[in-house]
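Student: show me the folded form of this:
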Amino acid sequence: MNPARSFGPVLVSGVWTAHWIYWVGPFIGAAFGAFAYEFVRRTQPTMADTAEAPKGATENSECAMKMRKCVF
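Tutor: Numbers count the residues shown, from 1 in each chain. Below is the predicted model of the structure:
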């Protein structure tokens, strides 16, 4: 459903009944799609994501410099 493509014929004919669906439908579909994507792609945090770094660990630690994920 392309609202811009449906606007021209409606403008020329002057019949506006049920034309709102061409504008509301894509927005509702986009919102539903975004919700479905977030629901399907949701991941649970792993232990490595929630663990605290040891004292003295900084962004410039050995793990960060080697560009690998370190599990503390």
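Student: going by C-alpha atoms from here, please, whenever you check contacts or count neighbours.
Tutor: Will do.
Student: grab the nearest non-local neighbour of Ser6.
Tutor: Tyr22 (7.4 Å; C-alpha to C-alpha, 6 or more residues apart in numbering).
Student: tell me, how many residues neighbour that neighbour?
Tutor: Using other C-alpha atoms under 10 Å, Tyr22 has 16 neighbouring residues.
Student: what's the distance between Asn2 and Phe27?
Tutor: For Asn2, the distance to Phe27 equals 11 Å [C-alpha to C-alpha, to the nearest Å].
Student: over to Phe39?
Tutor: Between Phe39 and Phe27 the computed distance is 18 Å (C-alpha to C-alpha).
Student: can you check His19 too?
Tutor: The spacing between His19 and Phe27, counted by C-alpha to C-alpha, is 14 Å.
Student: so what's Gly29 up against?
Tutor: Contacts for Gly29 (C-alpha atoms under 8 Å, 6 or more residues apart in numbering) come out as none.
Student: just the CA atoms of whichever helix or strand it is part of, as PDB, please.
Tutor: Using DSSP states H and E, Gly29 maps to helix 21-41. This file holds the C-alpha atoms of helix 21-41, laid out as PDB (Å, rounded to 0.1, in the frame of the first residue of the first chain):
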ATOM      1  CA  ILE A  21      -6.800   3.100   5.600                       C
ATOM      2  CA  TYR A  22      -4.100   3.900   3.000                       C
ATOM      3  CA  TRP A  23      -2.400   6.300   5.500                       C
ATOM      4  CA  VAL A  24      -3.000   4.500   8.800                       C
ATOM      5  CA  GLY A  25      -2.300   1.000   7.600                       C
ATOM      6  CA  PRO A  26       1.400   1.400   6.800                       C
ATOM      7  CA  PHE A  27       2.000   3.100  10.200                       C
ATOM      8  CA  ILE A  28       0.300   0.300  12.100                       C
ATOM      9  CA  GLY A  29       2.100  -2.300  10.000                       C
ATOM     10  CA  ALA A  30       5.500  -0.600  10.700                       C
ATOM     11  CA  ALA A  31       4.800  -0.400  14.400                       C
ATOM     12  CA  PHE A  32       3.700  -4.100  14.500                       C
ATOM     13  CA  GLY A  33       6.800  -5.100  12.500                       C
ATOM     14  CA  ALA A  34       9.100  -3.200  14.900                       C
ATOM     15  CA  PHE A  35       7.500  -4.800  17.900                       C
ATOM     16  CA  ALA A  36       7.700  -8.300  16.300                       C
ATOM     17  CA  TYR A  37      11.400  -7.700  15.500                       C
ATOM     18  CA  GLU A  38      12.200  -6.700  19.000                       C
ATOM     19  CA  PHE A  39      10.300  -9.700  20.400                       C
ATOM     20  CA  VAL A  40      11.900 -12.200  18.100                       C
ATOM     21  CA  ARG A  41      15.400 -10.900  18.300                       C
END
